[in-house]
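Peer 1: quick check, what structure comes out for this input:
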Amino acid sequence: MRAFLFHAAWVMSMTDSLRIVSYNVRYFGHALRGLASTLGPKRRVAAALATLEPLPDIICLQEVETQSFRSSVAHRRAHPGETQLEAFMGRMEETFALLNRPMPYEAFYFRAHRYGVRDFSLYTTGLAILVNTRRLSVDTHNVDAPHPITHHHVRMLRERKQSRICAHMRLVRQEDGLPLHVFNTHLSLPTPFARAFWATRDKMGNGINQLHEARALATLVQRHSKGEPFVVCGDFNSPPASPVYRFFCDEAHFTSAQVAVGQIDPRASRGFPTAGFMHVRMHLDHIFSSERVRWLDTDGTHAFGDTRSRFHGLSDHMPLIARFRVEPLAVQAEASTSPAP
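Peer 2: The predicted model follows:
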């Protein structure tokens, strides 16, 4: 009887919860050190995501191209207008067909920046969000006009600096109508044009431009979520304990998924690397949330370099994978007003 009740509670927990993945895929070009995108990484990333159990309900990707020389020089497109995200979704379709399972995802692309001359695009940048439409309905999104958050420390370089944006979607869970806002972003690297950059040994997360972008991001999250539950994920180029990270947790009052489940110590900047360059290991990727999101686990999340992960070697980042439950407002209000034991 006890085993039956445990299994029933586990099943209810899995059906009542949602799972999210945040992953910097490096333009699906890691096999060629980011110089060009190839078909193989798209297929391997698709296979790694499609075989996760349970399947993610939301997949947030960073560093996804539209169309450019870099995205197509080593990968012949299925048709002239095919984007990198469309090519990747084609691999997702193939993978689910091989698994004899229906493909549940609808993909949304958010353009950020284009480098090129006239009609020739050398490379482009952007974000993507994949939604499991069997569990979630898309209410609104900002695909046509993603929110700009770039801070230009040197205005004369404004046109050359990579634009930073925040993708936003309002989703509704189909079984109960609970809303959830999803924000996906990729913050700038710290600017070397500020004196503080050279005054500290730890650069990442200490840039004055990064703090400006963090404040802009927090402001738009609060403005667009309007008190409804939200998750914010992406590549923040900032480790735990950095000024940017502390701003999100201490001033914006965001909750870190990894901290909530005990996976990381927020005071340790190098305890759990999510990205790597040569021999350097850094914790740059995070998933945050509002207080009405209760984090359950980060099963499937591995540190960069962990060969046990199905994502090992597919990018210079590792994905963050987390499961959570959205608490109805009445439950959250009751918990906040109940007397302490």
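
Peer 1: can you count the residues close to residue 54?
Peer 2: 14 (other C-beta atoms under 10 Å). Placement of C-beta: from N, CA and C, glycine included.

Peer 1: before we move on, which element is it in?
Peer 2: Under the criterion DSSP states H and E, no helix or strand holds residue 54.

Peer 1: mind checking the longest helix of this protein?
Peer 2: helix 208-225 (DSSP state H).

Peer 1: so residue 263 touches residue 302, yeah?
Peer 2: No - Residue 263 lies out of contact with residue 302 (C-beta atoms under 8 Å); the separation is 10.5 Å.

Peer 1: quick one: average pLDDT of the host helix or strand of residue 246?
Peer 2: Per DSSP H and E, residue 246 falls inside helix 243-246. Average pLDDT, helix 243-246: 97.

Peer 1: show me what whichever helix or strand comes after it is in contact with.
Peer 2: Using DSSP H and E, the helix or strand that directly follows helix 243-246 along the chain is strand 255-256. Residues from elsewhere that reach strand 255-256 (C-beta atoms under 8 Å, 6 or more residues apart in numbering): 240, 248-249, 264, 266, 286-291, 293, 295.

Peer 1: could you redo the last one with a cut-off of 10 Å?
Peer 2: With contact meaning C-beta atoms under 10 Å, 6 or more residues apart in numbering, strand 255-256 is reached by 231-232, 240, 245, 248-249, 263-264, 266, 286-295, 324.

Peer 1: and those residues, which are buried?
Peer 2: 231-232, 240, 245, 248-249, 263-264, 266, 286-290, 292-295, 324 (16 or more other C-beta atoms under 10 Å).

Peer 1: so where is the stretch 101-250 of the chain shaky, pLDDT-wise?
Peer 2: Across the stretch 101-250 of the chain, the ranges flagged by pLDDT under 70 are 113-124, 152-162, 192-201.

Peer 1: what about the strands in it?
Peer 2: 105-117, 120-132, 136-141, 147-148, 165-173, 179-186, 230-235 (DSSP state E, counting those that start in this stretch).

Peer 1: so of the ones you listed, which one's packed in deepest?
Peer 2: Among the strands of the stretch 101-250 of the chain, ranked by average contacts under mean count of other C-beta atoms under 10 Å, first place goes to strand 230-235 (a mean of 26).

Peer 1: tilt between that strand and strand 165-173?
Peer 2: For strand 230-235 against strand 165-173, the angle by axes from the mean of the first three to the mean of the last three C-alpha atoms, to 10 degrees is 140 degrees.

Peer 1: partner strands of strand 230-235 and their direction?
Peer 2: strand 179-186 (parallel), strand 285-289 (antiparallel) (DSSP bridges).

Peer 1: could you check how far the residue nearest to residue 182 when sequence neighbours are not counted is from residue 104?
Peer 2: The shortest distance from residue 182 to any non-neighbouring residue, by C-beta to C-beta, 6 or more residues apart in numbering, is to residue 169 (4.8 Å). Computed as C-beta to C-beta, to the nearest Å, the residue 169 to residue 104 distance reads 16 Å.

Peer 1: buried residues in the helix holding residue 246?
Peer 2: Across helix 243-246, burial judged by 16+ other C-beta under 10 Å covers 243-246.

Peer 1: what does stretch 254-272 give?
Peer 2: 254-261, 263-264, 266, 269, 271-272.

Peer 1: with stretch 42-58 instead?
Peer 2: 42-50, 52, 55-58.

Peer 1: equivalent analysis for stretch 213-226, please.
Peer 2: Neighbour-count burial for stretch 213-226, counted by 16+ other C-beta under 10 Å, picks out 213-218, 220-221, 224-225.

Peer 1: can you lay out these as TSV showing distance to residue 27?
Peer 2: Formatted as TSV, the buried residues of stretch 213-226 follow (distance: C-beta to C-beta, whole Å):
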residue	distance to residue 27
213	21
214	24
215	28
216	25
217	22
218	27
220	25
221	26
224	28
225	29
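
Peer 1: so which of these is the closest to residue 189?
Peer 2: When the buried residues of stretch 213-226 are ranked by distance to residue 189 (C-beta to C-beta), residue 213 comes first, at 10.7 Å.

Peer 1: and the gap between residue 304 and residue 63?
Peer 2: Counting by C-beta to C-beta, the separation of residue 304 from residue 63 is 15 Å.

Peer 1: repeat that for residue 106.
Peer 2: According to C-beta to C-beta, residue 106 and residue 63 sit 20 Å apart.
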